[in-house]
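Colleague: compute the structure for the input listed below.
(2 chains)
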Number of protein chains: 2
Amino acid sequence: MKLRRSERMVVISNYLINNPYQLTSLNTFAQKYEAAKSSISEDIAIIKKAFAHADIGHIKTITGANGGVVFTPTISNDEARTVAQELCQRLAESNRILPGGYIYLSDLLSTPSILKNIGRIIANAFKDEKIDAVMTVATKGVPLANAVANILNVPFVIVRRDLKITEGSTVSVNYASGSSDRIEKMFLSKRSLNPNSCVLIVDDFLKGGGTISGMVSLLSEFDSQLVGVAVFADNAQEKREGISYKSLLTVTNIDVKESKVDVKLGNIFSK
Amino acid sequence: MKLRRSERMVVISNYLINNPYQLTSLNTFAQKYEAAKSSISEDIAIIKKAFAHADIGHIKTITGANGGVVFTPTISNDEARTVAQELCQRLAESNRILPGGYIYLSDLLSTPSILKNIGRIIANAFKDEKIDAVMTVATKGVPLANAVANILNVPFVIVRRDLKITEGSTVSVNYASGSSDRIEKMFLSKRSLNPNSCVLIVDDFLKGGGTISGMVSLLSEFDSQLVGVAVFADNAQEKREGISYKSLLTVTNIDVKESKVDVKLGNIFSK
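Modeller: Numbering: from 1, shown residues only, chains lettered A, B, ... in the order given. Okay, the predicted model is just below:
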């Protein structure tokens, strides 16, 4: 496919945006678009500037025989804060409070434009880490893990609270559910995670931390390492021990009587 | 932010790719990038050509006071077939067969690059329809629905097989599960779907069709209309009545003894 330079730049940008964290040699582009490697190199230089100016991401050029370019998506601090401030307002809407003091989140966590931005913010916070997979627990964590995995371009694994025949052999661990002392089980398909994987855990709402602790103990069953924990929102009123995490939003108070939720930016924004 | 023309084109392409099916006025770009509307118009013309040449998608220009541009992602028939052929091979891998004749799919349905392409193929098959939401059933359908919803830029709704306190009030229907005559319940949060929505149902594996029928009856409970049904794979050996659907792949035979799965391209590719 032979294209004009301006068209070629549009098409190469599209490729990089859709293939983050992946090394692509300049020869691949040169062959695909029937252009000299030197022209591709100039295209990339312009795309790199444009991506940097608009805070779309960083393009790294690796020289040598096995070289090429790698695109790392980023998000500016300003844009991330604007996104999170808007989510604070959405979360504070009075009609979100459910009986029992729960907050309805499903609408936010099933809107692609919102998920994409949450994914960008969480992935950006871990962009310097080696990550092989994103782990979450079914069901509400799935779209979030998916969004983060899309940006990091790694698979995600879904821990389940029930046994499913379509998952094959599983490994299970016990965990303390909720603020109560109930012990429950969680399951992960044996073939869903390779040994020695570096794993980022992602979940929707952090309360007591039992679910996260359960997933961490699953990691050791799979001889894998925890890179970090990221949640959409945490509840500041819960007591929890020994879990280090990053949150987009922090719920500081839930007043069921007055149907009022207080929300502030999470610790992902603190220095 | 003032950019050179070439950089501006890269940044505008990125915007369109991330905001499909959304009308954006040329003035928005003109103001953001401090350029004349006529220059933006020329940029768009070049991007449009590039997107068409590389089968990335179609840019529609709407003139008039409320005009602007709308990007509709597409996938060429060739690329779609190549993607599906590769998935046929992956699905036919002998180690996928689980006891009971189930096929392990979770690895495919949790890899972003694969999901993105499946989303493109399914969305492309329904790109001329008005779609307000994508519906699926937890858990395995979620990443698929998410992928399709990302391309169509609409929310997705998750039907559950269990009642969750975090979903608020729900509507439930009964459905016939599996090939057996067991009757089970499925639930959808009342506030997750607006009345009069046009809905595309997406699921991973179509067997008897009980789950799909359940979701269709939920739609009428929400005064909503079915646009169509799309599945990752269907089983040609199952008898089912009255369900019209599009599938990426069709499993024609599962031989548990020989650990052999026969797979061909699904009916989404037939004329």
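Colleague: show me where chain A has helices.
Modeller: Assigned by DSSP state H, the helices in chain A fall at A:5-18, A:26-32, A:37-53, A:77-91, A:112-125, A:141-152, A:210-221.
Colleague: which of these sits closest to residue B:37?
Modeller: helix A:5-18 (18.7 Å; C-beta to C-beta). Heads up, the C-betas are built off the backbone N, CA and C, glycines and all.
Colleague: packing partners for that closest one?
Modeller: In terms of contacts (3 or more C-beta pairs under 8 Å, 6 or more residues apart in numbering or on different chains; DSSP states H and E), helix A:5-18 is packed against helix A:37-53, strand A:68-73, helix B:5-18, helix B:37-53.
Colleague: now do that helix: everything it contacts.
Modeller: The contact list for helix A:5-18, computed with C-beta atoms under 8 Å, 6 or more residues apart in numbering or on different chains, reads A:3, A:24, A:29, A:33, A:35, A:39-40, A:43-44, A:46-47, A:50-51, A:56, A:59, A:69, A:71, A:73, B:5-6, B:9-10, B:13-14, B:17-18, B:46-47, B:49-51, B:53-54, B:56, B:116.
Colleague: hmm, residue A:157 is touching residue A:138, no?
Modeller: No - Residue A:157 sits out of contact with residue A:138 when judged by C-beta atoms under 8 Å, with a separation of 10.7 Å.
Colleague: out of those two, which sits in the busier spot?
Modeller: residue A:157 (24 against 19; other C-beta atoms under 10 Å in any protein chain shown).
Colleague: so what's residue A:125 up against?
Modeller: By C-beta under 8 Å, 6+ apart, the contact set of residue A:125 is A:230, A:246, A:268.
Colleague: switch the cut-off to 10 Å
Modeller: A:75, A:80, A:148, A:200, A:228, A:230, A:246, A:248, A:268, A:269 (C-beta atoms under 10 Å, 6 or more residues apart in numbering or on different chains).
Colleague: go ahead and flag the most central residue of chain A.
Modeller: residue A:148 (2.1 Å; C-alpha atoms, centre = their mean).
Colleague: how is chain A divided into domains?
Modeller: For chain A, the TED database gives the domain ranges A:5-73, A:77-269.
Colleague: which of these sits closest to residue B:131?
Modeller: With C-beta to C-beta as the criterion, residue B:131 lies closest to domain A:77-269 of these, at 12.6 Å.
Colleague: what residue ranges in chain A score low on pLDDT?
Modeller: Along chain A, segments meeting pLDDT under 70 span A:179-180.
Colleague: and the stretch 151-271 of chain A, which residues reach chain B?
Modeller: A:151-158, A:160-162, A:164-169, A:189, A:191-192, A:204-205 (C-beta under 10 Å from any C-beta of the partner chain).
Colleague: now which of these would you call buried?
Modeller: Listed as buried from these are A:151-158, A:160-161, A:167-168, A:189, A:192, A:204-205; burial here means 16 or more other C-beta atoms under 10 Å in any protein chain shown.
Colleague: closest one of those residues to residue B:257?
Modeller: residue A:168 (17.6 Å).
Colleague: not counting sequence-adjacent ones, nearest residue to the closest one?
Modeller: Once flanking residues are discounted, residue A:168 sits nearest to residue B:98: 4.9 Å by C-beta to C-beta, 6 or more residues apart in numbering or on different chains.
Colleague: quick revisit: need the helices and strands packed on helix A:5-18 in JSON lines (columns: distance to residue B:86).
Modeller: As requested, the helices and strands packed on helix A:5-18 are arranged in JSON lines below (distance: least, C-beta to C-beta, whole Å):
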{"stretch": "helix A:37-53", "distance to residue B:86": "26"}
{"stretch": "strand A:68-73", "distance to residue B:86": "23"}
{"stretch": "helix B:5-18", "distance to residue B:86": "23"}
{"stretch": "helix B:37-53", "distance to residue B:86": "23"}
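Colleague: right, and the ones you listed - which one's nearest residue B:212?
Modeller: So among the helices and strands packed on helix A:5-18, helix B:5-18 is nearest, using C-beta to C-beta, at 31.2 Å.
Colleague: okay, angle between that closest one and strand B:68-73 too, please.
Modeller: 60 degrees (axes from the mean of the first three to the mean of the last three C-alpha atoms, to 10 degrees).
Colleague: ok, which pair from the contacts of residue A:125 is furthest apart?
Modeller: Greatest spacing in the contacts of residue A:125, by C-beta to C-beta: A:200 and A:269 (18.2 Å).
Colleague: ok, those two, which is more surrounded?
Modeller: Neighbour count, other C-beta under 10 Å: between residue A:200 and residue A:269, residue A:200 has more, with 27 against 18.
Colleague: beta-bridge partners for that one, please?
Modeller: Note on residue A:200: beta-bridge partners by DSSP bridges are residue A:134, residue A:228.
Colleague: got a list of what it touches?
Modeller: Residue A:200 makes contacts with A:122-123, A:125-126, A:129, A:131-136, A:145, A:148-149, A:152, A:154, A:156, A:226-230, A:246, as judged by C-beta under 10 Å, 6+ apart.
Colleague: same check on residue A:173?
Modeller: A:159, A:184-188, A:213-221.
Colleague: what is it paired to in the beta sheet?
Modeller: Beta-bridge partners for residue A:173, by DSSP bridges, are residue A:186.
Colleague: distance of it relative to residue B:219?
Modeller: 38 Å (C-beta to C-beta, to the nearest Å).
Colleague: you'd agree residue A:117 is up against residue A:80?
Modeller: Yes - assessed by C-beta atoms under 10 Å, residue A:117 is found in contact with residue A:80 at 8.1 Å.
Colleague: now do the shared contacts for the two.
Modeller: Residues touching both residue A:117 and residue A:80 (C-beta under 10 Å, 6+ apart) are residue A:248.
Colleague: and residue A:121, how many neighbours?
Modeller: 26.
Colleague: and the closest residue to it other than its chain neighbours, how many neighbours?
Modeller: Spatial nearest neighbour of residue A:121, excluding adjacent residues (C-beta to C-beta, 6+ apart): residue A:80 at 4.8 Å. Residue A:80: 23 surrounding residues under other C-beta under 10 Å.
Colleague: got a list of what residue A:190 touches?
Modeller: Here residue A:190 is in contact with A:167, A:168, A:169, A:170, A:171, A:221, A:222 (C-beta under 10 Å, 6+ apart).
Colleague: contacting residues around the fifth one?
Modeller: With contacts taken as C-beta under 10 Å, 6+ apart, residue A:171 has the following neighbours: A:159, A:186, A:187, A:188, A:189, A:190, A:192, A:193, A:218, A:221, A:222.
Colleague: likewise for the first one?
Modeller: For residue A:167, the contacting residues are A:158, A:160, A:187-192, B:98, B:102, B:104-106, B:139-140, taking C-beta under 10 Å, 6+ apart as the criterion.
Colleague: go with 6 Å
Modeller: Applying C-beta atoms under 6 Å, 6 or more residues apart in numbering or on different chains to residue A:167 gives the contacts residue A:189.
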